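Asker: need a 3D model of the sequence below.
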Amino acid sequence: MKLVCLLCLLAGGVNVEAQPANESSSAEKELPKVYWFKAITPENLVKIYEALGRETTGRVAVKLSTGEPGGHNFLQPSLIKDLVEKVDGTIVECNTAYGGGRANTEAHRQAAKDHGFTEMATVDIMDAEGETRLPVKGGKHIPYDIVGSHYLNYDFTVVLSHFKGHAMAGFGGAIKNISIGIASSNGKRWIHSAGESTTSWGSPQQEDFLETMAEAAKAVADHCGDKILYINVANKLSVDCDCDSSPEDPKMGDIGILASLDPVALDRACTDLVRSSKDHGKIHLIERIDSRKGMHTLEYAEQIGLGSQQYELVNLD
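Answerer: Predicted coordinates:
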């Protein structure tokens with residue numbers, strides 16, 4: 001069943017202008033597709049990957065969050081195992097920049113082991129041996145992104161994100177996962193400070209931080225070209241990120257699995273589905289997104305050419 005997301009129209013999502021009948025169908029086809037399963041199962045995770053029609057090749061990085069020790073909302077190995085095996089992927093991460101239980105490689109590997117990831121796949125902490133730079137095209141805050149040096153060893157990236165809230169960015173999805181997630185520890189500080197420093201988070205304006213996050217994401221997307229795809233699992237919808245060791249319990253129910261070749265469309269679809277949900281608990285996540293001006297990330301990402309906020313939602317149920 002295909003929808004040009006009417007629910008998103010109500011939520012401020014897809015902007016469709018009136019067009020002559022002979023033009024509307026071609027315009028609709030140009031919209032990036034966002035696929036959606038409401039049921040969150042290992043089988044549907046594999047099916048939604050297959051629906052994208054972009055087969056992984058070469059050495060495959062599966063970028064996900066291994067979860068801060070103490071947290072419990074991260075994507076469970078039992079859910080993602082079939083997909084990771086399907087693409088013969090290596091789970092990749094970079095060390096954090098805020099202390100905690102994943103701030104160095106040894107501790108991060110232990111956290112990945114404790115959370116069950118090393119039993120199902122190889123886990124590569126990509127900045128264990130240093131970092132490298134990826135150029136940013138069309139940005140205004142940073143001329144380059146700083147990522148783990150091992151990232152250059154991979155031919156294809158599967159961006160497997162847990163969509164949820166975030167204390168600083170408002171929400172975390174595909175864009176956060178490829179920007180802050182693939183950035184080295186220094187790169188994370190570089191993004192958070194909007195290019196002011198690699199040693200501290202600085203004190204940039206909120207909009208500048210959000211825009212820098214989009215610029216770093218674009219550096220990764222440009223590096224990959226068509227060797228990247230994006231899957232968001234919108235479950236355990238806490239207002240807090242998996243980087244939080246004591247996240248608040250979710251106040252609303254799960255939305256499902258969504259996937260796209262366009263990270264902006266994908267994250268926008270997730271936020272639209274939160275807003276259009278009939279679950280009264282959504283007010284908490286919406287407040288977190290809006291109080292941090294989270295939608296500005298998508299506005300700026302679209303502006304610099306990372307993707308589109310207009311999309312076609314394809315329900316696979």
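Asker: how about the strands in the stretch 1-150 of the chain?
Answerer: 2-3, 33-37, 60-63, 89-93, 123-125, 131-135, 144-148 (DSSP state E, counting those that start in this stretch).
Asker: biggest helix in the protein, by residue count?
Answerer: The longest helix of the chain (DSSP state H) is helix 206-224.
Asker: about what we covered before: mean pLDDT for the strands of the stretch 1-150 of the chain: which is lowest?
Answerer: Here the lowest mean pLDDT among the strands of the stretch 1-150 of the chain goes to strand 2-3, at a mean of 44.
Asker: any idea of the angle whichever strand or helix holds Ile286 forms with helix 206-224?
Answerer: Ile286 belongs to helix 282-291 when elements are defined using DSSP states H and E. When axes from the mean of the first three to the mean of the last three Cα atoms, to 10 degrees is applied, the directions of helix 282-291 and helix 206-224 differ by 90 degrees.
Asker: just tell me which of the strands of the stretch 1-150 of the chain ends up closest to His108.
Answerer: Between His108 and the strands of the stretch 1-150 of the chain, the shortest separation by Cβ to Cβ is 5.2 Å, and it involves strand 123-125. From N, CA and C alone the C-beta is placed, and that goes for glycine too.
Asker: strand partners (parallel or antiparallel) of that closest one?
Answerer: strand 89-93 (parallel) (DSSP bridges).
Asker: okay, angle between the partner strand and strand 144-148 too, please.
Answerer: Using the same axes, to 10 degrees: strand 89-93 against strand 144-148 is 120 degrees.
Asker: quick one: contacts of strand 89-93?
Answerer: Applying Cβ atoms under 8 Å, 6 or more residues apart in numbering, the external contacts of strand 89-93 come out as 56, 59-66, 83-84, 102, 108, 112, 117, 121-126, 148, 150-151, 154, 158, 181-182.
Asker: coming back round to it: buried stuff in the following helix or strand past the helix holding Ile286?
Answerer: Scanning forward in sequence from helix 282-291 by DSSP H and E, the next helix or strand is helix 295-303. Residues of helix 295-303 classed as buried under the neighbour-count rule (16 or more other Cβ atoms under 10 Å) are Met295, His296, Thr297, Leu298, Glu299, Tyr300, Ala301, Glu302.
Asker: now swap in stretch 134-141 and tell me
Answerer: By 16+ other Cβ under 10 Å, the buried positions in stretch 134-141 come out as Leu134, Val136, Gly139, His141.
Asker: which residues touch the second one?
Answerer: Read that as Val136. Ile142, Pro143, Tyr144, Asp145, Glu215, Ala216, Lys218, Ala219.
Asker: and the last one, what is it in contact with?
Answerer: When contacts are counted by Cβ under 8 Å, 6+ apart, Ala219 is found next to Leu134, Pro135, Val136, Lys137, Tyr144, Asp145.
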